[in-house]
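Asks: coords please:
(one chain, ligands or ions: 1)
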Amino acid sequence: METSTTSNPNVSNYPRIMIGLSRGQEEPDASLVAAEARELGYDFIILPITFPNYRRFLFEQLVDSVDIKETKLMEEWRKGQPFCREDLVVKNAGQISNWINLDSSDHNIRINSEVILRQQLTWIGHIGITAALIPFPSDSFINYARCINSIFGTVPYINMWIKIPLVLEDETLGSKETITWERWNKFRTLCDNHVRLSIVLEVTQNLPEDNILDRWFAEPIKAIFLPTTIFLSNAKGFPVLSKRHQTFVRKLIKYKPHFVIECAADGPNHASGGLSAYQEYVHHLHRTMPELTPVEQFALGYHDFLQSPLQPLMDNLESSTYEVFEKDSTKYVLYEKAIHHALLDHNTGSEEMILEAAEKAQKRVRVYAIEKNPSAFVTLQNKKTEIWGDKVTIVFSDMRLWKAPEKADILVSELLGSFGDNELSPECLDGAQKFLKADGISIPASYTAFISPISSSKLHNEVAAYKDLAHFETPYVVMFQSACELAKPCQIWSFEHPNRNIAVDEDVTFNVRESGILHGIAGYFESILYKDIMLSIHPDTHSIDMLSWFPIFFPLKIPIYLPSNTKLDINFWRLTNSHKVWYEWCVDPSLPLGYETVSFGPSAIHNSLGRSSWIGL
Ligand SMILES: C[S@@+](CC[C@H](N)C(=O)[O-])C[C@H]1O[C@@H](n2cnc3c(N)ncnc32)[C@H](O)[C@@H]1O
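Replies: Now for the predicted structure:
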């Protein structure tokens, strides 16, 4: 089993949301505005760093010649020009002036803009504000990206939150719906996916299609801007959001961003409720979130948290891990149902679920419980003494080596991992098969692994933080949250028992409809326990309320940009030698060009020879 086997790192129900206020450029006194915002029920404010008059600096002729790279101005700046106190709105907090133009055709403006940007960000860094709001890139932004990238190197600790509208209302070229994501993607790529570069998403009046909206969930969103202009008025004149906006905002709440109400300097746009009505409405959406399902409740705090898959064969599990397993009644109910039906179907006869199923089926059974973990075997001894008595024979052995006194009609096992076979159920059951009768039944009867391409800059950054190759060639058990599936899962292989038939399709092709960044491969499984009794973590067929398994994630060392309509081949191999099993994987994207599809560069084959990750036999 593959789920949360460590103590929950960050448990909380839908956490309290922080709602801030942003009121444009003309702010006379930051502390007055802050006090007013607090009175209106807001948690924080966003203010420009400087007054509009500071813009004069943009047009100062400080450059002697456009050919001179090392300008006088830059020299001045390096000497450390302080701000004039009167220029600063925020003597203690901020937002970069949106009039700076780092890609202006005017060399002076470009240079001055860079100096202003550095000066503002240095100030923000100095006063300990950890994030600065930076403007959305215009259609040319290479120099802007260079400046931001270099500032990451010179202003330690500063985080940059780039403001991105969901839809560009006045765009004339290309698809309006995808252009802002494409621009963000290019910008962050130029900045080498810097971990201190995040997004402030501005919700617009028009919303893109759902699959385009979903793509944002794979991105590092820190805050959501809700301009007062996108609110409708209800019958009493109070601000409310349209149904589609409500659904999107509710979905966003699960990601715990800060919300910011963006209001024009001349006040609220709605007749009733004043400025506080907007934050009250967002709090209302938060309070009326649908109840968490048991799986969602269980998964709180584990979202996007990387865990190493269990190795129950090679390692001996701890008692706390078994306790986590036992919380999932759904799994045991499904197993009991499968055993019940198998007993009813079978002419003749391990643990509680078998006894209960046998009782229900009114069958006399002889049960052998086999366990190779010496400490878990003590628990079995306790159970035998206190509960089972003669009904169960307990055996301390590896099932692959046990010499059974008689052959069984039904062999029940639970050796499944998030990828189905990754806890070596096939190898163990292969070894145990010798003590199953020729017409015997195996529960589970089969299990199938599925994969899908996924985008998640968050998971990529988590893996990259380890700073070594091995971590990019290791699968992780993880409950996805900041992730977006780029195509629906497809099956790659199935194991059937007792005959151990294997159906393998190591090369699977996906059609990626919308452009996106491929960060890795998600893995799931479905298992047929007996006849129509199925156990699944596949997103489309997930067993209701089952907690035992989170998905598995196979990272890619280098993220790959996939344009829309990419044909993506994913190759997966399950390989083995005398002492271990391991997976290798690679991807090969291509685009249709005329009658052919032309590859634009495969990834490396990951985890060659199981050099970084493997499962011990
Ligand atoms: C995933 S746990 C399931 C435990 C329990 N059946 C349940 O569902 O809560 C798998 C158990 O099988 C044991 N196991 C794994 N491989 C085995 C083998 N080859 N022989 C005997 N026991 C094995 C492990 O020690 C572990 O206790």
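Asks: can we go C-alpha only for contacts and neighbour counts from here?
Replies: OK.
Asks: over to stretch 542-558 now: how far is its first residue from its last?
Replies: Length of stretch 542-558, first residue to last, Cα to Cα, to the nearest Å: 30 Å.
Asks: can you tell if that stretch touches the ligand?
Replies: No - applying Cα under 6 Å from any ligand atom, one finds stretch 542-558 separated from the ligand by no less than 9.3 Å.
Asks: quick one: contacts for residue 152?
Replies: 158, 196 (Cα atoms under 8 Å, 6 or more residues apart in numbering).
Asks: can you verify it is assigned to a helix?
Replies: Yes - under DSSP: H, G, I helix; E, B strand; the rest coil, residue 152 falls within a helix.
Asks: would you mind measuring from it to the ligand?
Replies: Separation of residue 152 from the ligand (Cα to the nearest ligand atom, to the nearest Å): 46 Å.
Asks: and for residue 229?
Replies: 54 Å.
Asks: going forward, the N-terminal residue is numbered 25.
Replies: Done: numbering now begins at 25, and the last item shifts to residue 253.
Asks: does that residue belong to a helix, a strand or coil?
Replies: helix.
Asks: thinking it is in contact with residue 285, fair?
Replies: No - taking Cα atoms under 8 Å as the definition, residue 253 is not a contact partner of residue 285, at 10.0 Å.
Asks: of the two, who's got more company?
Replies: The neighbour comparison of residue 253 against residue 285 (other Cα atoms under 10 Å) goes to residue 285, with 23 against 15.
Asks: OK, contacts around the more buried one?
Replies: 43-46, 249-252, 302-303.
Asks: and which of those residues is nearest to residue 507?
Replies: residue 249 (20.9 Å; Cα to Cα).
Asks: quick one: name the residues of this protein near the ligand.
Replies: 25, 336-337, 340, 346, 349-350, 394-397, 421-424, 438-439, 452.
Asks: rerun at 5 Å
Replies: Within the chain, the positions lying close to the ligand (Cα under 5 Å from any ligand atom) are 25, 336-337, 395-397, 422-423, 439, 452.
Asks: ok so residue 81 is a helix residue?
Replies: Yes - according to three-state DSSP, the state of residue 81 is that of a helix.
Asks: burial count for the spatially closest residue to it that is not a sequence neighbour?
Replies: Among residues not flanking residue 81 along the chain, residue 136 sits closest, at 7.1 Å (Cα to Cα, 6 or more residues apart in numbering). Using other Cα under 10 Å, residue 136 is surrounded by 24 other residues.
Asks: my guess is residue 136 contacts residue 80, does it?
Replies: No - using Cα under 8 Å, residue 136 is not in contact with residue 80, being 10.2 Å away.
Asks: tell me the pLDDT of residue 553.
Replies: Per-residue pLDDT puts residue 553 at 98.
Asks: any idea which helix or strand carries it?
Replies: strand 540-554 (DSSP states H and E).
Asks: likewise residue 598?
Replies: strand 590-600.
Asks: packing partners for that strand?
Replies: strand 531-536, strand 604-617 (3 or more Cα pairs under 8 Å, 6 or more residues apart in numbering; DSSP states H and E).
Asks: what lies in contact with the last one?
Replies: Under the criterion Cα under 8 Å, 6+ apart, residues 448, 586, 589-600, 621-634, 637-641 lie in contact with strand 604-617.
Asks: swap in the shortest one?
Replies: Counting by Cα under 8 Å, 6+ apart, strand 531-536 makes contact with 510-512, 514-516, 586, 588-596, all of which sit outside it.
Asks: just those residues now: which is nearest residue 459?
Replies: residue 516 (29.4 Å).
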